[in-house]
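A.B. asks: give me coordinates for this.
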Amino acid sequence: MTSLPSAPSTVRIDAWLWAIRAYKTRSAATTACRAGHVRINGNPVKASQTVIIGDTVRVRQPGFERILEVRRLIAKRVGAEAASHCFTDHTPERPAAPALGLPQRDRGAGRPTKKDRREMDRLRRQ
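C.D. replies: This is a model prediction of the structure:
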């Protein structure tokens, strides 16, 4: 296991989200906080809000929402394995995308003919 730096007494939410790799950059985490995509214990927060151990952080990302519980405070970015020890992920499983049942064309078969395209359109309408 990779060792973590000593835990600070307080950490800003944007720095913590960046450190656990929820966002690629700290400025992206700050922007998400300003846009209202981050909530601590159900309340929208500013980027300067501090987190404490036991807080529930909800991060809205494209297509889903992550629910994270703070287990350890961390202000510096560390490896992915070490960062995973700083939170518990309570995000529910995302449902699998439904299969549309569209026919798959063989690779290299070229563009669909007019007849093929009409069949695909008919299947999409069903």
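A.B. asks: what's the local residue count around Trp16?
C.D. replies: For Trp16, the count of nearby residues is 25 (other CB atoms under 10 Å). In short, each C-beta sits where N, CA and C put it, glycine included.
A.B. asks: ranges for the strands of the protein?
C.D. replies: Counting by DSSP state E, one finds strands in the chain at the ranges 11-12, 38-40, 43-44, 50-51, 56-61, 64-70, 87-89.
A.B. asks: list the buried residues in the longest one.
C.D. replies: This means strand 64-70. With burial defined by 16 or more other CB atoms under 10 Å, the residues of strand 64-70 counted as buried are Ile67, Leu68, Val70.
A.B. asks: what pairs with it, parallel or antiparallel?
C.D. replies: strand 56-61 (antiparallel), strand 87-89 (antiparallel) (DSSP bridges).
A.B. asks: pick the most deeply packed of these.
C.D. replies: strand 56-61 (a mean of 16; mean count of other CB atoms under 10 Å).
A.B. asks: where's Gly42 relative to Ala7, distance?
C.D. replies: Between Gly42 and Ala7 the computed distance is 25 Å (CB to CB, to the nearest Å).
A.B. asks: most centrally placed residue in the protein?
C.D. replies: Nearest to the mean C-alpha position of the chain, counting by CA atoms, centre = their mean, stands Gln61 at 5.1 Å.
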